[in-house]
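predicted model and sequence below, questions to follow.
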Amino acid sequence: MFSVEDRQKIREAVIAAEERTLGEIVPVVVPVSGRYEAPHLLGALLALLVLSGMLMLEREGWGFSYSPAVTLLSVVLAYVLGNVLGSLPVILRWLTPDDHMDLQVRRRAEAAFYELGLHKTREASGILIMISQLERRVQILADRAIDEKVPPKTWDAVVEQLVQAMKEGRPTDGLCRAIKQCGELLAVHFPARPGDNPDELGDDLIQEDR
């Protein structure tokens, strides 16, 4: 999703945003947020349909007869095919309820928040902006000091514009804008102090491969 040039733009956006605030902003991209049952369910369904069809053809006396080995192989191949089809992003999203995907993305963001140390910043003012590619969702998590001052609904507008930018094929522009918006909010409540604004968590986009 992000080239070397894109990552440099995002890095510059983080640096610019953090110059005005004691807060820390960490952008993260993950390919998928959780494990889903859709591939297994579609595989099992297709296997069941193939088995049922073969048994029906034999029972109806249409001249079809299958050995146990052929039946087993057909069922296994049907399961494998269904599993592969169910793993395709468009089909997996179609078969998985939205609320389940929302929950998985939320849990993955919470795990990343702690894995990346956003809960350890001096001012408790870290913000995670996570894009989950398969689910096509964005999750923003803010540390406790920010939550005390910024209503949770504040992040909805930031998420909405980033999701829209991704749909339009402008993920880098959307993420840079989201970083800027978060920086502006942080600057209001956690303004930078001259000579006392450490970069605690780095500025690079974190792209995870699993």
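Structure received.

can you give me the helices for this protein?
For the chain, the helices defined by DSSP state H cover 4-18, 38-59, 68-87, 89-95, 98-115, 144-147, 154-167, 171-189.

so which of these comes closest to Ile127?
Closest to Ile127 of those is helix 171-189 (C-beta to C-beta; 5.1 Å). From N, CA and C alone the C-beta is placed, and that goes for glycine too.

chain center to the closest one: distance?
Centre-to-centre, helix 171-189 and its host chain are 19 Å apart (C-alpha atoms, centre = their mean, to the nearest Å).

who are the packing partners of that helix?
When contacts are defined as 3 or more C-beta pairs under 8 Å, 6 or more residues apart in numbering; DSSP states H and E, helix 171-189 sits against helix 4-18, strand 24-30, strand 126-132, strand 137-142, helix 144-147, helix 154-167.

what's the neighbour count on Ser52?
10 (other C-beta atoms under 10 Å).

show me what the residue sitting nearest the centre point of the chain is bridged to.
Residue closest to the average C-alpha location in the chain (C-alpha atoms, centre = their mean): Ser132, at 1.6 Å. For Ser132, the beta-bridge assignment (DSSP bridges) gives partners Val30, Arg137.

still on that earlier bit, of all the helices of the chain, which one is nearest Asp203?
helix 4-18 (4.2 Å).

of the helices of the chain, which is nearest Asp209?
Minimum separation from Asp209 across the helices of the chain (C-beta to C-beta) falls at helix 98-115, 13.6 Å.

can you give me the neighbour number for the closest residue to Leu46 other than its chain neighbours?
In space, and not counting its chain neighbours, Leu46 is closest to Gly82: 3.5 Å by C-beta to C-beta, 6 or more residues apart in numbering. Residues within reach of Gly82, counting by other C-beta under 10 Å, total 24.
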